[in-house]
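Engineer: Sharing a model prediction with you, sequence too.
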Amino acid sequence: MSTTLELRDVTKTYADTVVIDAINLTVNAGECVAILGPSGVGKSTILRLIAGLDEPTAGSVRLGETTIDTQPAEERGVGLMFQQPLLFPHLDAIDNVAFSARAAGKSRRQAREHAQKYLDLVQLGGYAHRRSTELSGGQAQRVALARALAAQPRVLLLDEPFSALDPQLRAEMHSLLRTIRRELNPTVLLVTHDQHEASVLADRIAILLDSRLAQVAAPHEIYSRPASLEVHRMMGGLNVIPGDHDGTYHHSSMGRLEVPTCEENTPSTLVFRHESVTVTPPPGDVTAQITEITHIGARQRLTLRANNTTLHADTPPTTSVAVGDTVGLHIPLDARHTIRTTP
Ligand SMILES: Nc1ncnc2c1ncn2[C@@H]1O[C@H](COP(=O)(O)OP(=O)(O)OP(=O)(O)O)[C@@H](O)[C@H]1O
């Protein structure tokens, strides 16, 4: 049964260092929220506070209608999964998954029947009697996920659960997690430093920067309407153009570009996703010269100069261009976003 998870003004201080500073976050029942932030920012600390492995310095954690701050970790109904599967090496897969049911007093047969359902769910039904030491990294991580789910937690906390896997296995685990969300509808709080992972898995992303949540929103909103330049960069945004907003147009060394209106005339930085830019015959919205072409998988990334401004555009490899070409760039109006800059 999924439950709402709520952090209220949660602060965590180690010695004199404030790691988490008065964070408020609600994960609705059945929702998946990803906390995204750089290494060492405090992502795992948040999960430890929820799981009861550490205590907040101030604030409280609620599950449903209950404040769980004083509950021991094992009574919170929180499932945890880490980067490493941490399976019991002396047990086979099914007894790893059956562990919580056995601990709750179920007979071996009942616990194994229950565990088998979860092994089937993670598509390892035929591996029940493999020792955990005889599983591949990806299989062991599936067993760890089955073990976390078999305990029927009220909330599932995932701490960088797929980052030790190679890209193909990681994509398979993403797909499995989506299936599990459809079938079991768990409340999930995921921690990752990978913006791609956050955006493919989560309904909302919470960006953790400098001890605080800089923005909490749906992935497309965070990509296209970042609340700050730091959020734009965290999401891999490349185009950052300082200038001024006159209410209708953004003025910079790149020229004048219509932008969504703002009431005040302010110094502001124009940002737009490199994926949203298309190449046209000049002049386009902006005329620029290509200075570099980098091939990234099935795309090609153009670096361009427009007067003193450096721009980036990701285009299909079929776009026929060469370094030195002068091209037009089309930047859709709804892809243009301005961020107020402190003068
Ligand atoms: N028990 C502790 N005592 C003192 N400092 C700690 C303790 N646990 C964590 N920290 C510090 O708190 C900060 C946040 O750590 P945390 O592990 O939450 O970061 P993270 O964002 O999960 O990092 P990563 O992505 O590298 O795992 C770090 O600077 C870390 O050194």
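Structural biologist: Received the coordinates, thanks.

Engineer: So which bits of this structure are right by the ligand?
Structural biologist: Neighbours of the ligand within the chain, by Cβ under 6 Å from any ligand atom: 14, 19, 37, 39-45, 193. (C-beta placed from N, C-alpha, C; glycine too.)

Engineer: can you tell me which of those residues are in helices?
Structural biologist: 43-45 (DSSP state H).

Engineer: which of those lies closest to R301?
Structural biologist: The shortest approach to R301 among these belongs to K43, at 28.5 Å (Cβ to Cβ).

Engineer: Pull the contacting residues for the closest one.
Structural biologist: When contacts are counted by Cβ atoms under 8 Å, 6 or more residues apart in numbering, K43 touches 35, 37, 159, 191-193, 208.

Engineer: Counting by contacts, list what the lengthiest helix in the chain packs against.
Structural biologist: In the chain, with assignment by DSSP H, the single longest helix is helix 167-184. Under the contact definition 3 or more Cβ pairs under 8 Å, 6 or more residues apart in numbering; DSSP states H and E, helix 167-184 sits against helix 108-121, helix 137-150, helix 195-201.

Engineer: Same list, those, but as a markdown table with mean pLDDT, distance to P85 and mean neighbour count please.
Structural biologist: Output for these, formatted as a markdown table (pLDDT from 0 to 100; distance: least, Cβ to Cβ, whole Å; neighbours: other Cβ atoms under 10 Å):
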| stretch | mean pLDDT | distance to P85 | mean neighbour count |
| --- | --- | --- | --- |
| helix 108-121 | 95 | 14 | 18 |
| helix 137-150 | 94 | 4 | 23 |
| helix 195-201 | 94 | 18 | 20 |
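
Engineer: what bridges to the residue in the stretch 201-343 of the chain positioned nearest to the ligand?
Structural biologist: With Cβ to the nearest ligand atom as the measure, L208 is the residue of the stretch 201-343 of the chain nearest to the ligand, at 7.2 Å. Per DSSP bridges, the residues bridged to L208 are L213.

Engineer: Low-confidence ranges, the stretch 101-250 of the chain, go.
Structural biologist: Along the stretch 101-250 of the chain, segments meeting pLDDT under 70 are nowhere present.

Engineer: Contact partners for the closest residue to the ligand within it?
Structural biologist: Here the stretch 101-250 of the chain gets closest to the ligand at one residue, H193, 5.2 Å apart by Cβ to the nearest ligand atom. Contacts for H193 (Cβ under 8 Å, 6+ apart) come out as 36-39, 43, 160, 163.
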